[in-house]
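1. Just the structure for this:
(one chain, ligands or ions: 1)
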Amino acid sequence: MQILVVGSVAFDTVKTPFGEATEVLGGSAAYFASSASFFAPVSVVAVVGEDFPLDDLQFLRGRDVDLAGIERRAGRTFRWQGEYGFDLNEAKTLETQLNVFAEFHPRLPEAYREHDVVFLANIDPELQREVLTQVSSPGLVAADTMNFWIQGKPEALRETLKHVQILLINDAEARMLAKEPNLVRAAKTILTWGPRSLVIKRGEYGALSFSDGGWFAAPALPLENVYDPTGAGDAFAGGFLGFLASTQNFDEANLRRAVIMGSVMASFAVEAFSLRRLEHLTYPEIEVRYRQFKHLAHFEDL
Ligand code: AMP
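-> The predicted structure follows:
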């Protein structure tokens, strides 16, 4: 199954307790594609400015990622600047410059309209919906969002959610979206708005998934070398959806495997700044880490 993603392709400036990086390659769609492309072909819809070196995304072409849907427009590329303290779970946004995204209206290449799996990565919820209306009859629609849009465009986001089957957000976003401090209650509320599954990412504490089939809790791999959590959520979504698209099985047992595959990919993303770890990753490393997760969470019955 081919995956279509719409999201940001960006220049990120990031500071963590372990270092900093200025105007490096990032964006929700770039992280997602770098991760999902290990499992399934991915087509990217996004916009960049004249200042963006598309050649830096060449490594994705070698992994069956179609970049023809990235439009180049006059102006500057989207920029995000963020900082993390000792608690890496919380990103503090210092600056968001929408730039070319402010006037962007995606027009999908003809070949993208038949894609089966759609991922609406973190981007303006109105753009997410514009993309969705151009896809014929997707078998699976998943989405992400963030505080910027939950607070900035709440009505547009609620409208988009009506068309989303799986929502992947972090715990703070789930609480903010549902206006409910208790995560279980927040999940139940969100599940009445459209999505039939909700995956809540909790950084170094792992991930929870909620659906009709039940709840599932996945650990995060305790890592010694964490440098930059930026993009962990998108890498998670890439592993999760890439795995579902490649196995074409959406039952509860496979959803659980997908949550683990998402956790595996997120664990790699945080090991270096920008896309670097995902760029140089190999599939055998992914398999080894999947087994580590299985071992980490396995215990015997009483
Ligand atoms: P994550 O850490 O997985 O939530 O995603 C981080 C990525 O999201 C960074 O590479 C940013 O460029 C991108 N990003 C940050 N803010 C926004 C926003 N408001 N809209 C779209 N993408 C964003």
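2. From now on I want contacts and neighbour counts done on CA atoms only, so please keep to that.
-> Noted.
3. Secondary structure element for the spatially most central residue of the chain, which one?
-> Residue closest to the average C-alpha location in the chain (CA atoms, centre = their mean): Asp234, at 2.3 Å. Using DSSP states H and E, Asp234 maps to helix 232-247.
4. if I read this right, Phe273 contacts Val226, doesn't it?
-> No - the pair Phe273 / Val226 is not scored as a contact, 9.4 Å apart, by CA atoms under 8 Å.
5. could you pull out the strands for the protein?
-> Using DSSP state E, the strands of the chain run over 3-6, 10-16, 19-26, 42-48, 65-66, 70-72, 79-84, 91-97, 117-120, 140-143, 166-170, 197-201, 207-211, 214-218.
6. Any residue of the third one touching the ligand?
-> Yes - where contact is defined by CA under 6 Å from any ligand atom, part of strand 19-26 touches the ligand, namely Gly26.
7. could you say what helices and strands that strand packs with?
-> strand 10-16 (3 or more CA pairs under 8 Å, 6 or more residues apart in numbering; DSSP states H and E).
8. follow-up on the earlier one: can you list the neighbours in contact with the helix holding Asp234?
-> The contact list for helix 232-247 (CA atoms under 8 Å, 6 or more residues apart in numbering) reads 1-3, 28-29, 31-40, 117, 119, 121, 168-170, 201, 250, 254-255, 258-267, 269-270.
9. if you set the cut-off to 7 Å instead, what comes out?
-> 1, 28, 31-33, 35-37, 39-40, 117, 250, 258-259, 261-263, 265-266, 269-270 (CA atoms under 7 Å, 6 or more residues apart in numbering).
10. coming back round to it: how close does the residue nearest to the centre of the chain sit to Ala220?
-> 15 Å (CA to CA, to the nearest Å).
11. now swap in Glu300 and tell me
-> In terms of CA to CA, Glu300 sits 20 Å off from Ala220.
12. And the pLDDT at the nearest residue to Arg175 once chain neighbours are set aside?
-> Of all residues not flanking Arg175 in the chain, Pro181 sits nearest, at 5.3 Å (CA to CA, 6 or more residues apart in numbering). The pLDDT attached to Pro181 in the predicted structure is 98.
13. The ligand contacts on the chain?
-> Contact residues, the chain versus the ligand (CA under 6 Å from any ligand atom): 8, 10, 12, 26-28, 80, 122-123, 148, 230-234.
14. ok, the residue in the stretch 51-200 of the chain positioned nearest to the ligand - contacts?
-> At 4.1 Å from the ligand, Ile123 is the closest residue in the stretch 51-200 of the chain, using CA to the nearest ligand atom. Taking CA under 7 Å, 6+ apart, we find Ile123 in contact with 7-8, 145.
15. now do 6 Å
-> Applying CA atoms under 6 Å, 6 or more residues apart in numbering to Ile123 gives the contacts Gly7.
16. If you tally nearby residues, what's the number for Asp55?
-> 9 (other CA atoms under 10 Å).
17. now Tyr227
-> Neighbour count of Tyr227, defined by other CA under 10 Å: 19.
18. my guess is it meets Ser274, correct?
-> No - using CA atoms under 6 Å, Tyr227 is not in contact with Ser274; the gap is 9.9 Å.
19. got the CA positions of stretch 24-44 in PDB?
-> Provided in PDB are the C-alpha atoms of stretch 24-44 (Å, rounded to 0.1, in the frame of the first residue of the first chain):
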ATOM      1  CA  VAL A  24      18.900  21.900   9.900                       C
ATOM      2  CA  LEU A  25      16.600  19.700   7.800                       C
ATOM      3  CA  GLY A  26      13.400  18.900   9.500                       C
ATOM      4  CA  GLY A  27       9.600  19.200   9.300                       C
ATOM      5  CA  SER A  28       6.900  16.700  10.100                       C
ATOM      6  CA  ALA A  29       6.600  15.300   6.600                       C
ATOM      7  CA  ALA A  30      10.400  14.900   6.300                       C
ATOM      8  CA  TYR A  31      10.700  13.000   9.500                       C
ATOM      9  CA  PHE A  32       7.700  10.900   8.700                       C
ATOM     10  CA  ALA A  33       8.900  10.000   5.200                       C
ATOM     11  CA  SER A  34      12.400   9.200   6.500                       C
ATOM     12  CA  SER A  35      10.800   6.700   8.900                       C
ATOM     13  CA  ALA A  36       7.900   5.200   6.900                       C
ATOM     14  CA  SER A  37      10.000   4.600   3.800                       C
ATOM     15  CA  PHE A  38      11.600   1.600   5.500                       C
ATOM     16  CA  PHE A  39       8.300  -0.200   5.200                       C
ATOM     17  CA  ALA A  40       6.300   1.200   2.300                       C
ATOM     18  CA  PRO A  41       6.500   3.600  -0.600                       C
ATOM     19  CA  VAL A  42       5.700   7.200   0.400                       C
ATOM     20  CA  SER A  43       4.600  10.300  -1.600                       C
ATOM     21  CA  VAL A  44       5.200  13.700   0.000                       C
END
